Structures are given as C-alpha cells and as structure tokens.
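In: with the input below, show me the fold.
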Amino acid sequence: MNQVQFQAPKLTKINKIILITAGACFLGASILKAIGAFSLVNLLGLSSSGLFQGLIYQLITYPFVEVQLMSMLFNALIIWFIGSELESQWGQKIYIRFLLLTVIGVGLVFSLVNLVFFFGTPVYFTSLHGLSGINFALLIAYSLLFPDRQMAFMMIFPMKARTFCWILVGIEAYVAIFTSITSSWAHLLAMGISFLIIHFQNKPLIRKVLQSSWSPRAGKKKHLYVVKDEDQKPPKYWQ
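Out: Numbers count the residues shown, from 1 in each chain. Sure thing, here's the model as predicted:
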C-alpha cells in the first residue's frame, strides 16, 4: 500500500523572526488583558490618530499584534508554509522588501483614507493589526508565481492556487462591501499591492526597489528575472 507522506517546509529565518515576534506580542497582549492593564493593540496597532500624532513606528509594528488564538495559529501556518517557500525562492533581501512595501503601503493608504474621509469618527481611531494582511499578500504572490500548484480550500477542496486566491479575493470583497469591516478593506489593499509588485516586477522602479544591493560591490550585479521552464523543481522566479 502506497503511503503519502506530508513534509512541512523548513521555517526560514525571516519568517521565524516574524512568528517569534508575533508570538511574543500575542502572549504579552493576553497577559496585559488578564491583569487589566493597557491594550497592546492601542500601543502597537496602526490607527490614523496615532500615526498623525507622531507614532510612526506603528507602520511597522501593527502586523505583529495578534489577540485571538485561532487567528494567530492560522496566520502562523500561512507564514510558515507559503512565506517560507517564497523566502527560499527570492532570498532574504527581496522577501523583506516585498513585506515592507506591502506593510508600509497598506498602512499609509489606510491612514490617509481615514484622515480624509473619516476624521473624527470611530473609524479614524480604529486600530489595524494582525498578520492577515501579510498573509493575503503572500497568497496572491504565490498564486501568480505558481498558478497551477494544488491548494486545499478550507483544507478540504483541492484546486489550483490561482482559483484558491481569487476565491479569497471574492470573500474579502463581499465582507468589505456588505459588512464594512475595516480590516477587510486593508486585506484587499494588501492583495492589490502584492498583485502590482509581482505583475510589474520587471519594471525599472519595482526592480530597483526590490533588488538593489544594500551593500554594493563592484562587479557584482543581481537581476530579478522570470524563468518559465517548468522542468525546474521548483522554478526560480526571482533571484
């Protein structure tokens, strides 16, 4: 009898740091809530009111704040499985820059929209937090780079990666439009930024931002390119 063995991917360095930081914030938020102290979401989560009062660090810290156990566990699995494969393919520098573009881009647009259209309302003071935005960005990137890979929707229904992620887009759009949940609009924005980065990866500006060396060395230049040879296992899209 043939047995199918499941092998989890190796947890890569940057994703390990992300999960340790998010886990520490989750534990800290739980302890602070239990003892009736201040809310870590208000301190590290991103709100337009906080950002425009000078709390610039919130543009970086808000993804790390998780307050629900199931959300923390699910998001951690996506980071581990999808994020680790992308980091292995792209390398640490490109992966970090992709995350920073997504996180900061979502944060700035989220804050500016709230400032312009919702100033003084409860939405203006609402905090954005959690790893979900990063995960949606990673899933869109994965579906564009590996559209025919098999994924399991709701861990039951097998389908191609591109189909899986378009279903996620539809769900988030429905939630955003018909329930007006602020986080869903942020998730859609993260998906959009991810799509633009991957779709226009060979444009000079995107290519320069993602692959310019942090420590330039004469005579050594790395270029981001697309390889369409499906015989490579797995195909290396970005290097």
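In: any weak-confidence spans in this protein?
Out: Within the chain, the stretches with pLDDT under 70 are 1-8, 152-157, 180, 212-239.
In: for this structure, which segments are assigned as strands?
Out: With DSSP state E, the ranges of strands along the chain come out as 150-153, 157-160.
In: helices and strands around the last one, which ones?
Out: Pointing back at strand 157-160 there. Other helices and strands packing on strand 157-160, by 3 or more CB pairs under 8 Å, 6 or more residues apart in numbering; DSSP states H and E, are strand 150-153. The way it works is simple: take the backbone N, C-alpha and C, and place the C-beta from them, glycine included.
In: spatially nearest residue to the residue nearest the centre of the chain (excluding sequence neighbours)?
Out: Nearest to the geometric centre of the chain sits I134, at 1.2 Å (CA atoms, centre = their mean). The shortest distance from I134 to any non-neighbouring residue, by CB to CB, 6 or more residues apart in numbering, is to P63 (5.4 Å).
In: burial count for that neighbour?
Out: For P63, the count of nearby residues is 29 (other CB atoms under 10 Å).
In: list the buried residues in the biggest helix by length in the chain.
Out: Assignment by DSSP state H gives helix 92-117 as the longest helix of the chain. Of all the residues in helix 92-117, those buried under the rule 16 or more other CB atoms under 10 Å are 93-99, 101-103, 105-107, 109-111, 113-114.
In: where do the helices sit along the chain?
Out: So, for the chain - with DSSP H - the helices run 13-34, 40-44, 48-51, 58-61, 69-78, 84-90, 92-117, 122-125, 132-145, 161-179, 182-199, 204-211.
In: just put these in a markdown table and tack on distance to M151.
Out: Listed next are those as a markdown table, based on distance: least, CB to CB, whole Å:
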| stretch | distance to M151 |
| --- | --- |
| helix 13-34 | 18 |
| helix 40-44 | 31 |
| helix 48-51 | 35 |
| helix 58-61 | 29 |
| helix 69-78 | 11 |
| helix 84-90 | 12 |
| helix 92-117 | 20 |
| helix 122-125 | 33 |
| helix 132-145 | 8 |
| helix 161-179 | 4 |
| helix 182-199 | 16 |
| helix 204-211 | 25 |
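In: which of the ones you listed sits most buried?
Out: Most buried of the helices of the chain, by mean neighbour count (mean count of other CB atoms under 10 Å): helix 132-145, with a mean of 24.
In: what's in contact with that helix?
Out: The contact list for helix 132-145 (CB atoms under 8 Å, 6 or more residues apart in numbering) reads 18, 63, 71, 75, 78-79, 82-83, 85-86, 89, 98-99, 102-103, 106, 149, 161-162, 164-166, 168-169, 172, 183, 186-187, 189-191, 193-195, 197-199, 237.
In: how does it look with 6 Å?
Out: 63, 75, 78, 82-83, 102, 106, 161-162, 165, 186-187, 190-191, 194-195, 198, 237 (CB atoms under 6 Å, 6 or more residues apart in numbering).
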